[in-house]
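>>> structure of the sequence below:
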Amino acid sequence: MPATASTSEFGPLPTAERWTLIGAVTAVTASGWGWMLYMDWMMHDMMRGGSSIAWMPPPAGVGGWSGYDFWMLFAMWAIMMVAMMTPSAVPMLRMYRIVQRNRSRQTLKVVPWMIFLVGYLASWAAFSAVISVVQWPLHEWGLLDPMMDSRSQLFSGILLIVAGLYQWTPWKDACLTLCRTPMQFLLARWKDGRAGALQMSFEHGLYCIGCCWALMLVLFAVGMMNMLWVAAITLFVIVEKALPSPARLFRTITGLLLASSGFWLLLLHFQGPA
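Purely as a prediction, here's the structure:
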């Protein structure tokens, strides 16, 4: 696609195709949420003395982590990212399909939009591997319990402050702008073929990671398996991407809320028990 193309050259996606895309994305998202809810139920049932057998991170000081433990942690993060981040990719997937329809009219080779989704999710799988490496020592240091809840108000407070302050940075603004404008991204970075689609979508995913990584750290503060918070952060990401640019008021308010919550936890920590 030439960089000089304009958005007026592309018509809307037909209703049937639009609903097919939404249905497929919904199925992928629902599968991730179903797995997470099932694991959350099994972990809580096991903690209550039930018969469920669920994987949980080894407690601090009780032996070392095995390759299986790391794999399960990575799988948990990867599936969680599928559930949380796939819905926010719909605008980009829809625009990619619109561009491909235009190319098909010009008898150019068309790449299925699912290939683009695979590349996007691959970037979040890479993020899941990195964050799993980060989480591993947090259990060893006793900052997270086997249910992956924070044991430290100091730790939680610092994470919330970091997430809040990042909302105000130019890096957040730059990454969010590219995530929020799919046509401009495609016009500037278009590459042909399946390999090109994977490269474009992986790059788009990296910008989304640059936009949302600090929000994912909030899960360490509020509990990784706290499904209400997982749902709230998912909705937060969708709303933030959907708001018209630059949406600085929203980022200012949410950054203030996150940072002030973090400072409140630090105050509780340093005050100590009454």
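>>> and the helix or strand bottoming out on mean pLDDT in the chain, what does it pack onto?
Lowest by mean pLDDT, DSSP states H and E among the helices and strands of the chain is helix 90-105, with a mean of 83. Counting contacts by 3 or more C-beta pairs under 8 Å, 6 or more residues apart in numbering; DSSP states H and E, helix 90-105 is packed against helix 15-47, helix 113-140, helix 182-189. In short, each C-beta sits where N, CA and C put it, glycine included.
>>> put the alpha carbons of the helix or strand immediately after the second one in the chain into PDB.
When you say that, I think you mean helix 113-140. Per DSSP states H and E, the first helix or strand lying C-terminal to helix 113-140 is helix 153-166. Extracted in PDB, the C-alpha atoms of helix 153-166 (Å, rounded to 0.1, in the frame of the first residue of the first chain):
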ATOM      1  CA  GLN A 153       1.800  -2.300  51.000                       C
ATOM      2  CA  LEU A 154       5.200  -0.700  50.200                       C
ATOM      3  CA  PHE A 155       5.500  -2.900  47.100                       C
ATOM      4  CA  SER A 156       1.900  -2.300  46.000                       C
ATOM      5  CA  GLY A 157       2.200   1.500  46.600                       C
ATOM      6  CA  ILE A 158       5.300   1.800  44.500                       C
ATOM      7  CA  LEU A 159       3.700  -0.100  41.600                       C
ATOM      8  CA  LEU A 160       0.600   2.100  41.700                       C
ATOM      9  CA  ILE A 161       2.700   5.300  41.700                       C
ATOM     10  CA  VAL A 162       4.800   4.000  38.800                       C
ATOM     11  CA  ALA A 163       1.600   3.200  36.800                       C
ATOM     12  CA  GLY A 164       0.100   6.600  37.700                       C
ATOM     13  CA  LEU A 165       3.200   8.600  36.700                       C
ATOM     14  CA  TYR A 166       3.600   6.700  33.400                       C
END
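>>> tell me which residues of the helix or strand that helix 153-166 is followed by are tucked away?
The helix or strand immediately downstream of helix 153-166 is helix 170-180, counting by DSSP H and E. Residues Lys172, Asp173, Cys175, Leu176, Thr177, Leu178, Cys179, Arg180 are the ones in helix 170-180 that count as buried (16 or more other C-beta atoms under 10 Å).
>>> spatially nearest residue to the fourth one, not counting backbone neighbours?
Spelled out, that is Leu176. The shortest distance from Leu176 to any non-neighbouring residue, by C-beta to C-beta, 6 or more residues apart in numbering, is to Cys211 (4.7 Å).
>>> host element of the one you found?
Going by DSSP H and E, Cys211 is part of helix 193-222.
>>> now Ala54
Using DSSP H and E, Ala54 falls outside every helix and strand.
>>> from Ala78, how far out is it?
For Ala54, the distance to Ala78 equals 17 Å [C-beta to C-beta, to the nearest Å].
>>> neighbour count winner among the two?
Counted by other C-beta atoms under 10 Å, Ala54 and Ala78 do not tie: Ala78 has more neighbours, with 21 against 16.
>>> hmm, Ile131 and the more buried one touching each other?
No: using C-beta atoms under 8 Å, Ala78 is not in contact with Ile131; the gap is 9.9 Å.
>>> list the buried residues in stretch 30-45.
Neighbour count says stretch 30-45 has Gly32, Trp33, Trp35, Met36, Met39, Asp40, Met42, Met43 buried, by 16+ other C-beta under 10 Å.
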